[in-house]
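Student: requesting a structural model of the entry that follows:
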Amino acid sequence: MAENNRGSSPRLLMVEDDGYCLFFLRDILGLPDIEIETAGRDSKIFEKASRSDFDAIMLSFRGIIQNDLSIVQSLHEDNPYAPLIAVAERMDVDFALDVLRAGAFDYLVRPFQNAARVESALKNAFLESENLRKAADLADTKAVDHGMVGKSRVVLEILKKCRQIAPLNVNVLISGESGTGKELIARAVHAESHRKQGPFLAVNCGAIPDGLIESVFFGHKKGAFTGAVQSHAGIMEKADGGTVFLDEIGELSSKGQVTLLRFMEDREFMKVGGVKAHTSDVRIIAATNRNLEEEIDRNEFRTDLYYRLNVVNFKAPALRHRPDDVVPLADFFLRRFCFKNNLRHLRFSTRAAGVLVKYPWPGNVRELENLVEGLAATLPMDRSIIISEDVLGYSGKIQKSMVSADSLNGKSLHKQTYKEAQEAFEKMYLMDLLKAFEGNVAKAARHAQLHPVTLHRKLKKLRLGNYAA
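Tutor: Numbering: from 1, shown residues only. Model prediction:
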C-alpha cells in the first residue's frame, strides 16, 4: 500500500454489520499500514464520519435498496476528501450506475473473488483523496491575493482596480461597513505601487485626542508642551516614501480635518514647537464606515477635504453581498488558526458550510473570523470536522437566523399555501434587493434581470414603493 504523504497511515472508515470486509482486509490482504475504524449501518455512521477526517470510506450494502443511494450521497457530500467504495452483494449494472452517480468512487461485489481488485480499489481511493486535498490547497492559495480571500466577481474587480490605480499618485477613499476589510484594500494598493518598499502606517482617526492631532500627524520637538521629554517624529514623517492609511476618517475632529487638508495641499508640515518646514512624499488612503456626503450636508465633514481624499473611490462590499466567498474565507481562517495554534487539520462539513452561506453576517468578515476561531477552539479533541450542529450550537444568532429563514410571515412553510409562501418570499427578496442597491430601481431591475416597469409593478402590488428611491 502506498505511503500517505500527510505523515500518517491512510485512514479508512468501514461501514458494515457482519465484519466480512474488515476480515478480508486484515486477514486476507494483510494491510497493516491502514488505520481502520468501523461503524454499523445505522444513523450513527454520519456521526462517526463527522468525527474524523478519513481518506476513504467502504460502505457495505445489505442488498440493493434505493435508500442506500441517499446514504451514499450524504456520506459523499459530508466527506468530500474521502472517496467512497460501495460494496454490494451482487452485480446490478443499473444500480451500480446509480450508486456511482450518487457519489461513490468505486463499486465492488462481495464475496471478494479477486484480492488484487480490492487492493487496487483502496490504493486508487487513497490516491484520489490525496489529489483532492492537493487541488483544494492549490485553489485556496490562488484565492488569496494581498490578504483578500475570495473568488467572487466583486473581489476580482477590486483587485483589478487596485492594480490599475496603484502606480498613480492619487489619493484613495474606501467606504464600507465595519469588518469588510477596508485596510486590506489599502494594503493591496500599497503593495502594487512603486511605494511598496516604503512604510505602510495605519492610524485610527477616532482614537486621536483633539489636542494631540498635530503631534501625531507631524511630530513635536522636545519641550514643545508639558510631557514632551524628547522629540518625536509624526506619522507623515515616518511614512515618507510610503503610504498613510487613515482609518475612520469620518471621526476626525474639525481641527484634525483642517490640519490634514493643509498638509495635503502641498505635503508640507511643521513639527509642534519647531520653526522649520518639512516635506513628506506620502500617499493618503482614507477609510470610513460613514456616509461622508451626509456628513457634509450636516456640516460635520469638510467638502474640500472630501474631494481631496475621494480622487479614487472603493466600496468594500458587505459579506452578505458576496456569498461565494463565505466558505473560502471560513476555510482560510480555519487553516490559519490551526497553523498558529499547532492544531490538527480541521474542516467544515458540507452542511456546516451551507449554514454559513445562508447567514447574512451583519458583522461581516470580522464576525466570520471570530466564529471560525471560536468553533476551532471549542471543538472536542476527538473531532476533526465541524458539522452544522456545532455552528448552530455555538451561535444563537445563526440559529435564530436559520429558524427565521425556514418560516415566512411568522408561519412555518408547511402551514402556508403555495401562493402565500411565494408572495412572502418575493416580498422578502425584493426588500433585500432594493436595500442592496440603495433603492435604485433601475440598478436593482438590471441585477434581477427584470424590466424596470415590471419591477415597479411588483413593488406597487406588494406595497413596497417606500423602499424605492
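Student: and Leu59, that's in a helix?
Tutor: No - assigned with DSSP: H, G, I helix; E, B strand; the rest coil, Leu59 falls outside any helix and is strand.
Student: quickly list what it is bridged to.
Tutor: Using DSSP bridges, the bridge partners assigned to Leu59 are Val15, Ala86.
Student: list the contacts of it.
Tutor: Val15, Glu16, Asp68, Ile71, Val72, Leu75, Leu84, Ile85, Ala86, Val87, Ala104 (CB atoms under 8 Å, 6 or more residues apart in numbering). Just so you know, the C-beta spots here come from the backbone N, C-alpha and C atoms, and that holds for glycine as well.
Student: report how many residues lie close to the second one.
Tutor: If I follow you right, that is Glu16. Per other CB atoms under 10 Å, the neighbour tally for Glu16 reads 20.
Student: kindly report the same for the fifth one.
Tutor: For Val72, the count of nearby residues is 22 (other CB under 10 Å).
Student: re the thing from before, which one (most neighbours) among the contacts of Leu59?
Tutor: In the contacts of Leu59, the most neighbours by other CB under 10 Å go to Leu84, 27 neighbours.
Student: list the contacts of it.
Tutor: Contacts of Leu84 by CB under 8 Å, 6+ apart are Ala56, Ile57, Met58, Leu59, Val72, Leu75, His76, Gly103, Ala104, Phe105.
Student: same question, Leu329
Tutor: Counting by CB under 8 Å, 6+ apart, Leu329 has contacts Val149, Gly150, Leu319, Val365, Leu368, Glu369.
Student: hmm, the last one is touching Leu334, no?
Tutor: Spelled out, that is Glu369. No - with contacts defined as CB atoms under 8 Å, Glu369 does not count as touching Leu334, sitting 9.9 Å away.
Student: quick one: low-confidence ranges for the stretch 51-200 of the chain?
Tutor: The stretch 51-200 of the chain contains residues with pLDDT under 70 at 63-67, 137-145.
Student: repeat the analysis, applying 80 as the threshold.
Tutor: 51-52, 62-68, 77, 134-147 (pLDDT under 80).
Student: ranges for the strands of it?
Tutor: 56-60, 84-88, 106-109, 144-145, 148-149, 172-175, 200-204 (DSSP state E, counting those that start in this stretch).
Student: of all these, which lies closest to Asn299?
Tutor: strand 172-175 (19.2 Å; CB to CB).
Student: give me the sheet partners of that closest one and which way each runs.
Tutor: Checking strand 172-175 against DSSP bridges gives partners strand 283-288 (parallel), strand 312-315 (parallel).
Student: from Leu334, how far off is Tyr394?
Tutor: From Tyr394 over to Leu334 the distance is 13 Å, taken as CB to CB, to the nearest Å.
Student: what does Glu423 give?
Tutor: For Glu423 relative to Leu334 (CB to CB), the value is 39 Å.
Student: can you report how many residues neighbour the nearest residue to Asn289 once chain neighbours are set aside?
Tutor: Nearest-residue entry for Asn289: Ser178, 5.0 Å, with adjacent residues in sequence omitted and distances by CB to CB, 6 or more residues apart in numbering. Ser178 has 15 neighbours, counted by other CB under 10 Å.
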